[in-house]
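Predicted structure and sequence below. I'll ask about it afterward.
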Amino acid sequence: MRPIIEFCVNNMHFGTDEVMEKLEQNPDYDVLEYGCLTHCGECFLAPFALVNGEFVEAESAEQLYERIMSKIKEIDAWNELDLD
């Protein structure tokens with residue numbers, strides 16, 4: 001299953017737009033941008049994204065990228081267990 005990574009346009013002031021653009025380069029990911037992901041309190045506090053619906057946040061855009069990649073690896077590992 002392809003990971004779905006969702007970004008909030010209102011959170012882009014943290015540099016998440018660069019993270020989104022980097023992830024869009026990988027054809028194995030579905031990267032989506034929304035006007036609002038209904039995490040308004042968190043939206044103005046820190047960079048975040050949703051990975052397959054799970055909230056992932058970080059202190060910086062660079063750290064967010066790393067956490068998104070870790071979450072994707074975690075999801076892939078679970079998917080492999082389900083296939084066995």
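Yep, that arrived.

Could you tell me how far the longest helix that the chain contains lies from the centre of the chain?
Ordering each helix of the chain by length in residues (DSSP state H) puts helix 61-83 first. Relative to its chain's centre, helix 61-83 lies at 10 Å (Cα atoms, centre = their mean, to the nearest Å).

Show me what that helix is packed against.
When contacts are defined as 3 or more Cβ pairs under 8 Å, 6 or more residues apart in numbering; DSSP states H and E, helix 61-83 sits against helix 16-24, strand 48-51, strand 54-57. The way it works is simple: take the backbone N, C-alpha and C, and place the C-beta from them, glycine included.

Averaged pLDDT, that helix. What do you get?
Averaged over helix 61-83, pLDDT sits at 89.

hey, what's the residue nearest the centre of the chain bridged with?
Centroid-nearest residue in the chain: residue 49, 3.8 Å away (criterion: Cα atoms, centre = their mean). In this entry, residue 49 is beta-bridged to residue 56, by DSSP bridges.

Pretty sure it sits against residue 15.
No. At 12.0 Å, residue 49 does not count as touching residue 15 under the criterion of Cβ atoms under 8 Å.

ok, residue 31 - contacts?
Residue 31 sits next to 5, 6, 7, 20, 23, 24 when contact means Cβ atoms under 8 Å, 6 or more residues apart in numbering.

Before I go, just wanted to say thanks for your time.
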